[in-house]
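# sequence unavailable; structure follows:
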């Protein structure tokens, strides 16, 4: 649970806090590792985040982790090797958190009216990089893109996946394409 790990500062040197609203509607990409690979990546430069917090400035924030099913997480009950999204109330100490979504490569989730901004935040899992289970291999990673659903032209909406159709921009909002 990303919110609980954040609260306990277990991985405080690998926490990444993003404010999608400060980005002016553009996209941000993050490549994360699972907690089981925290030690394996201690010498990486830059250090890959284990937890990504999406700050809203409201009474709720969101936390993403890559739920890599190995080591201490080998016996997960759900969401093995998937990106998970948890929502938690603020302030975080002694708060309730809830699992909102989990998804693998090619999946996405939309947080409607992100931070009461009127814009949706789209979370796309671009890649789950499987490097096998050999400890000598690089760790698995999850590459995630966060996009505030504001646009000025069609190219602002392009998710890079031709199979789900050409996205379009209308009145500052992205609309999905028609799947092929």
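In hand now; what should we look at? Keep in mind it's a predicted model, so treat the numbers as computed, not measured.

# if we look at the helix or strand of the chain with the lowest mean pLDDT, which residues are touching it?
The helix or strand of the chain with the poorest confidence is strand 173-175; it has a mean of 74 (mean pLDDT, DSSP states H and E). Strand 173-175 is contacted by residues 122, 149-151, 156-157, 167-169 when judged by CB atoms under 8 Å, 6 or more residues apart in numbering. All C-beta atoms are positioned from the backbone trio N, CA, C, and that covers glycine.

# and the two most separated of the residues you listed?
Greatest spatial distance in those: 122 and 168, 14.5 Å, computed using CB to CB.

# quick one: which of these two has more around it?
residue 122 (20 against 16; other CB atoms under 10 Å).

# by contact count, what packs against the helix or strand containing the more buried one?
Using DSSP states H and E, residue 122 sits in strand 121-129. On a contact count with 3 or more CB pairs under 8 Å, 6 or more residues apart in numbering; DSSP states H and E, strand 121-129 meets strand 82-89, strand 108-111, strand 141-148.

# next, count neighbours for residue 146.
Residues lying near residue 146 (other CB under 10 Å) number 22.

# hmm, back to that, can I get the contacts of strand 173-175 in CSV including distance to residue 103?
CSV is the format used below for the contacts of strand 173-175 (distance: CB to CB, whole Å):
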residue, distance to residue 103
122, 12
149, 17
150, 23
151, 23
156, 23
157, 20
167, 18
168, 24
169, 24
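
# can you lay out these as JSON lines showing distance to residue 10 and secondary structure?
Output for the contacts of strand 173-175, formatted as JSON lines (distance: CB to CB, whole Å; DSSP: H, G, I helix; E, B strand; the rest coil):
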{"residue": "122", "distance to residue 10": "28", "secondary structure": "strand"}
{"residue": "149", "distance to residue 10": "32", "secondary structure": "coil"}
{"residue": "150", "distance to residue 10": "34", "secondary structure": "coil"}
{"residue": "151", "distance to residue 10": "38", "secondary structure": "coil"}
{"residue": "156", "distance to residue 10": "37", "secondary structure": "helix"}
{"residue": "157", "distance to residue 10": "37", "secondary structure": "coil"}
{"residue": "167", "distance to residue 10": "38", "secondary structure": "coil"}
{"residue": "168", "distance to residue 10": "43", "secondary structure": "strand"}
{"residue": "169", "distance to residue 10": "41", "secondary structure": "strand"}
